[in-house]
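Student: I would like to see how this sequence folds:
(chains A, B, C, D, E and F)
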Protein chains: 6
Amino acid sequence: MRIKVINPNTTWSMTRTIEAAARASVSSDVEIEAVSPTMGPVSIESHADEALAAVGVMDEVRKGEADGCDGYVLACFGDPGLHAARELASGPVIGIAEGAFHAASFLGRSFAIVTTLGRTLGRARDLVNEYGFTRACVAYRACEVPVLGLDEDPESAYAALRVECERTIADASPDAIVLGCAGMAGMCARLQSELGLPVIDGVAAATSLVEAMVRIGAKTSKREEFAAPPAKEVVGLLSPFTRD
Amino acid sequence: MRIKVINPNTTWSMTRTIEAAARASVSSDVEIEAVSPTMGPVSIESHADEALAAVGVMDEVRKGEADGCDGYVLACFGDPGLHAARELASGPVIGIAEGAFHAASFLGRSFAIVTTLGRTLGRARDLVNEYGFTRACVAYRACEVPVLGLDEDPESAYAALRVECERTIADASPDAIVLGCAGMAGMCARLQSELGLPVIDGVAAATSLVEAMVRIGAKTSKREEFAAPPAKEVVGLLSPFTRD
Amino acid sequence: MRIKVINPNTTWSMTRTIEAAARASVSSDVEIEAVSPTMGPVSIESHADEALAAVGVMDEVRKGEADGCDGYVLACFGDPGLHAARELASGPVIGIAEGAFHAASFLGRSFAIVTTLGRTLGRARDLVNEYGFTRACVAYRACEVPVLGLDEDPESAYAALRVECERTIADASPDAIVLGCAGMAGMCARLQSELGLPVIDGVAAATSLVEAMVRIGAKTSKREEFAAPPAKEVVGLLSPFTRD
Amino acid sequence: MRIKVINPNTTWSMTRTIEAAARASVSSDVEIEAVSPTMGPVSIESHADEALAAVGVMDEVRKGEADGCDGYVLACFGDPGLHAARELASGPVIGIAEGAFHAASFLGRSFAIVTTLGRTLGRARDLVNEYGFTRACVAYRACEVPVLGLDEDPESAYAALRVECERTIADASPDAIVLGCAGMAGMCARLQSELGLPVIDGVAAATSLVEAMVRIGAKTSKREEFAAPPAKEVVGLLSPFTRD
Amino acid sequence: MRIKVINPNTTWSMTRTIEAAARASVSSDVEIEAVSPTMGPVSIESHADEALAAVGVMDEVRKGEADGCDGYVLACFGDPGLHAARELASGPVIGIAEGAFHAASFLGRSFAIVTTLGRTLGRARDLVNEYGFTRACVAYRACEVPVLGLDEDPESAYAALRVECERTIADASPDAIVLGCAGMAGMCARLQSELGLPVIDGVAAATSLVEAMVRIGAKTSKREEFAAPPAKEVVGLLSPFTRD
Amino acid sequence: MRIKVINPNTTWSMTRTIEAAARASVSSDVEIEAVSPTMGPVSIESHADEALAAVGVMDEVRKGEADGCDGYVLACFGDPGLHAARELASGPVIGIAEGAFHAASFLGRSFAIVTTLGRTLGRARDLVNEYGFTRACVAYRACEVPVLGLDEDPESAYAALRVECERTIADASPDAIVLGCAGMAGMCARLQSELGLPVIDGVAAATSLVEAMVRIGAKTSKREEFAAPPAKEVVGLLSPFTRD
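Tutor: Here you go, the predicted model:
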């Protein structure tokens, strides 16, 4: 089984962190291919960044299909390009926000999201509502560390994240914490141990869930909405995305 | 007052239809600028197309800001790139699905969407739910005419659309019909007259609503989520979208 | 185009404030007629007041139809008599709570209502839920200034309102503030400027939205619920409301 | 214990039917006072009628308070004036739509409303949603017999009602039927017996529920929203409703 | 009329308290039979306890049917075994959480639950959502007194409960308080008097509501879900529950 | 890794079918232990059966904890005893309805449930709502084959199930079918192949999801609701369930 883990931003050091988290989350017979697209923003902290990242995600899914990948993880908490990826892929595709919410719901009634920048919480809320977790998600919080700041000064970032988690637990009493950025994958185990409640990293959650889906032979439904998109001419800068 | 109406696909004949509908929907002192982006799909009939179109939409909003536009209409029923456009614009931005739903809700309790291809109804449903019209939208229907088919054979397209509207009225008894494609703008008046209930074209609805918002001085909130996105390097094919 | 703006209470000094706000919100070719009914409470601060006010609203819409008005604004935040007005009117009818909520939703994800008396917030909540803004409205607050107190001591009233807005922004972090009383129309611009986020006055919002709907030829659906009400004998004090 | 049952329309023959149903629904020590207001429409079949009826309802509650009534039933399926009545009453007030929905929910998971005219179903839907029965109410249907037609030709009316109930059971498979008009009270037992599933008459339901609330000493909360409304001058035709 | 009030736990001193509350809530012609099952936990403070208690509830309903009981109250705030009881009973069955929520909704817009242990609030939330009171219930609170602690040291328990109620009123401003345990029945009147807002004891509420339902001839719908369960062999420890 | 798969009914032939489906859904290093409880109904087709089955489920989880099991699957579509099992288990516990709904949501927007007896659909609906899939589940259908009928005459049962699935696809157009009984596990692959859309067997789905959760170290949250239940005396027939 081969799972392609796509980091929708173009910062490969973060892709390496993600790859490690993904590898640690699957059975020994699962091959993990972790990549960043050849195009797109170096980090994703706005709706504009999400929109740009979705294009690179589509490109990587297209290549993954040619390579025979069995399933895909979209390793950015905004799940950019998820619906388009489902059109392009035959196997299952799971975003890390999606995967984290589902995993959290198996462990308790409620979870809180703790993310990087507050400005991204609108997107998180959209995903929570779209995926059916409106009632389960009891708090939306941010530690106000930028995405690339997680790598640049991990100890300060960890401290800020932990403080925000502690405040969130005191205020909203969730059964679990969901980490709101793929770049936090490396901090999950320590945080869970120090906080004493389940802490979910979406990379681990989504990758293990894709493995589960592939193992039971579950594939994206191709009945209508997620059937392969029709042939289409695309012009200008994006003309390489023309579909014959 | 200057309103920029962006047709997110790159078929200029459709842009001209949209421009006419927009012009007919505003006061005499409003200037309408209707454009297609320099890049993107020739029609939008899938999530993949939506994702590609969002990039061109951002490009046009960026240029519109430089030109001093007061507000924006996104003239594709999937409202592609709406959130990103709100980050980039200072004035109001309204998508045609959004505008049509709001307009319909002023005229009655319920509406039905009748669109081109059934595969796009998942996106319509997402927008209905996100914008708060879950209860109001009582039917999602498609006439299975492709977007460009509306222009190529308008009489056949009109006939198929009308039949589907009649079926929808019989089955779901909506107070109003919302047309699910900007390319149907030219068919709205005839349809309303023949069906005997309000029929909403999103181009007219959204354009008149943008005028209303500009007139009362209402601008996109810049508190957090829709503040200008942070500076960001973008690499590869999309590097022209780097924000300094 | 002629829009009738009905102040459902019978305090004409407030009607004049409302008229000014309405006039400032429309194109130069729109005629505004602002009135109070000949009957009803001098201010509306309870469900009992709402019920009494609805009768006067109906009377004014009936007269407006005879006069050929193109649309109506109901300028009390409880939108009293809105459904009855839609039965009686052929053109669009928009209440100021309704108009304000829709306008706010074009500018951001969330809004907070700040009104006069806390006892009216139940009605506000009903309207938010009925119109589909349950998720968007993140706070319901009151400054506990009575409606007529807004006119009697505007500076104190403004100060109390501003303090409550500031508290609301700190507590609930809305993208916009919706003012919960037509009598606050004159305070909107100053408040928006001092608070630094969109502040919506429902009179301006609803009036500009009615203009938008009239301009695109949108009329109240007459399919069933909002068809003209059947002939009916009305007895006793209310016998002038008999419909032949 | 004394319960005042207010028929919000002014047709006393219907008030007598309602009185009989109410009497049959309470313990032997409960006194029933059934009245129509001195003002208002002879039947309630539109939002305009509802608005007019609410005024008479308030008048009767005011008089009931002076007379020492312990609780109130509003015997029209639109529950006109319910919130205002709660402000004016110290004891419990229950509308017959409200009472019927609650009763139905004790007997099964789902119910269907079968009413007189289809144009009133928008109001029924509003009440279902406001009271929390969105999920429970699985069908909204009308037999298209006018309210006063129930009395004028009871056998034809019964036949039309029964046919519509049978269709509704076949289509929507509800656990119970809720009758959508107080004028159907006399048809409930026969219908239940012939249809073989619970059929709820709101007059019986609401009256027995008011008795239950009075018996346990439950009174309308006077904390804020339903506290007695503030003193208020009312002008013109409605000046008798001035509150000192 | 004979109503069987089942205390799902096996502590008969609590059953006696419940019996007194039930007797005080019905007309003089209603016979109350209050029992504990012959099996089950001595108090119910976890999902495991709920599951065990449901078995004893079924046993008592079965016996009640043989004895000709007209209706049933399940006097534990988790409403354990309610759906099974509805299958087994011909008359109405109401749980005390269910009854309390319905009663509270007749008295105001909102209520807060104040219960014994915080760990039971997940169950309370499930019931609120299932019964349709999601919007009405504005706070879930616990005084952290164990169920049997209510009897062992009633004065301390009362003090803790009152403090938590006061905090809840200050924080969430409900129109009414719902007591979250049958063992609090004896504290209801004093609490209501001292707090100055409606306080609902579910035992009183549910018993009076069952009387109301029996009085109007309302029985559990036997259409499908709540029809008598099919014959079934049950093995092992639970073999006495075999249904022939 | 050791996963205990509990068939909540006491028919061991069905347990063997379930075991086979579970084994086929996990990695080679996962040990599956499939059991039926020593007590309980031979099949689960009513709320009464669910309540009885929950007791046996608790017993098996208790034993599983003593044996060091890493996670649990509850292999009955009503997920009986799920919350109690979460209190008793340290590792993850997933019911097959729960697992199936989550899996279906990874593959498309919508699913339909096709189950055995229509009387169990109320329970299915409760679970759909509790778990957050209200919007995703677009049809609830039954083939009216009893649970044990699936084993007794598999070909007839398959034919009835397939016909009902085909009708459901035609009527509701779901992206996927969820099978509503563990006893249908052996029919899943054939059905998926013949119907041409994803068909989800909850046993496979839940077992693979438990493996995923165990692999990433995710355990049931023990913060409050699902902490180990307090010590408790249990009397009578159920006294073996006393917790010290």
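
Student: Could you name the helices and strands sitting against the lengthiest helix in chain A?
Tutor: Secondary structure of chain A per DSSP state H: the longest helix is helix A:47-67. Helices and strands touching helix A:47-67, by 3 or more CB pairs under 8 Å, 6 or more residues apart in numbering or on different chains; DSSP states H and E, are strand A:2-6, strand A:31-35, strand A:40-41, strand A:71-74, helix A:82-88, helix B:47-67, helix B:82-88. All C-beta spots, glycine's among them, are computed from the backbone N, C-alpha and C.

Student: Can you tell me the closest non-neighbouring residue to the residue nearest the centre of chain A?
Tutor: The centre of chain A sits closest to A:Ile96, judged by CA atoms, centre = their mean, with a distance of 2.5 Å. Nearest in space to A:Ile96, with sequence neighbours left out and distances taken as CB to CB, 6 or more residues apart in numbering or on different chains, is A:Gly202 at 2.9 Å.

Student: List phi and psi for that neighbour.
Tutor: Main-chain torsions, A:Gly202, degrees, to the nearest 10: phi -60, psi -30.

Student: From A:Ala157, how far out is it?
Tutor: 17 Å (CB to CB, to the nearest Å).

Student: which of those two has more neighbours?
Tutor: Neighbours were counted for A:Gly202 and for A:Ala157 using other CB atoms under 10 Å in any protein chain shown; A:Gly202 has more, 35 against 23.

Student: Find the least confident helix or strand in chain A, judged by mean pLDDT.
Tutor: Ranking every helix and strand in chain A by mean pLDDT, DSSP states H and E puts helix A:149-152 at the bottom, with a mean of 90.

Student: Which other helices and strands does the next helix or strand after it contact?
Tutor: Using DSSP states H and E, the next helix or strand after helix A:149-152 towards the C-terminus is helix A:154-172. Helix A:154-172 sits against strand A:111-115, strand A:137-142, helix A:149-152, strand A:176-179, helix A:188-195, with contacts defined as 3+ CB pairs under 8 Å, 6+ apart.

Student: Which of the ones you listed sits closest to chain D?
Tutor: Of all the helices and strands packed on helix A:154-172, strand A:137-142 sits nearest to chain D, with 20.9 Å by CB to the nearest CB.

Student: what about stretch A:207-221, near chain F?
Tutor: Yes: where contact is defined by CB under 8 Å from any CB of the partner chain, part of stretch A:207-221 touches chain F, namely A:208-209, A:211-213, A:215-221.

Student: oh, I was asking about stretch A:110-129
Tutor: No: using CB under 8 Å from any CB, stretch A:110-129 stays clear of chain F, coming no nearer than 8.9 Å.

Student: returning to that earlier point: return the set of buried residues in the longest helix of chain A.
Tutor: Residues A:47-62, A:64-65 are the ones in helix A:47-67 that count as buried (16 or more other CB atoms under 10 Å in any protein chain shown).

Student: do stretch A:230-244 as well
Tutor: Of all the residues in stretch A:230-244, those buried under the rule 16+ other CB under 10 Å are A:232, A:234-235, A:237-238, A:241, A:243.

Student: so which of those also contact chain B?
Tutor: With CB under 8 Å from any CB as the criterion, the buried residues of stretch A:230-244 include A:232, A:234-235, A:237-238, A:241, A:243 near chain B.

Student: Let's have these in TSV, adding pLDDT, distance to D:Leu179 and secondary structure.
Tutor: Converted to TSV, these look like this (pLDDT from 0 to 100; distance: CB to CB, whole Å; DSSP: H, G, I helix; E, B strand; the rest coil):
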residue	pLDDT	distance to D:Leu179	secondary structure
A:Lys232	98	55	strand
A:Val234	98	59	strand
A:Val235	98	62	strand
A:Leu237	98	64	helix
A:Leu238	98	60	helix
A:Phe241	98	59	helix
A:Arg243	97	57	strand
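
Student: Now for A:Thr207: which residues touch it?
Tutor: Going by CB atoms under 8 Å, 6 or more residues apart in numbering or on different chains, A:Thr207 touches A:3, A:5, A:21-22, A:25-26, A:32, A:73, A:99.

Student: Grab the two from those residues that are most spread out in space.
Tutor: A:Ile32 and A:Gly99 (14.6 Å; CB to CB).

Student: which ones are touching the residue nearest to the centre of chain A?
Tutor: By CB under 8 Å, 6+ apart, the contact list for A:Ile96 reads A:73-77, A:79, A:182, A:202-203, A:205-206.

Student: That one and F:Arg215, how far apart?
Tutor: With CB to CB as the criterion, A:Ile96 and F:Arg215 are 16 Å apart.

Student: and if you look at A:Ser193?
Tutor: Distance from A:Ser193 to F:Arg215, counting by CB to CB: 18 Å.

Student: Those two: who's more crowded?
Tutor: Each of A:Ser193 and F:Arg215 has its neighbours counted (other CB under 10 Å); F:Arg215 has more, 23 against 9.

Student: what's the most distant pair in the contacts of A:Ile96?
Tutor: Using CB to CB, the pair of these lying farthest apart is A:Cys76 and A:Ala205, separated by 13.9 Å.

Student: Check the secondary structure at A:Thr134 for me.
Tutor: coil (DSSP: H, G, I helix; E, B strand; the rest coil).

Student: how many other residues sit next to it?
Tutor: A:Thr134 is flanked by 14 other residues according to other CB under 10 Å.

Student: for the one 3 residues further on, same thing?
Tutor: Counted with other CB under 10 Å, residues neighbouring A:Cys137 total 24.

Student: And A:Glu152, by the same measure?
Tutor: 11.

Student: Can you name the residue of chain A nearest chain C?
Tutor: For chain A, CB to the nearest CB, closest residue to chain C: A:Gly122, 5.3 Å.

Student: got a list of what that residue touches?
Tutor: B:83, B:225, C:109.
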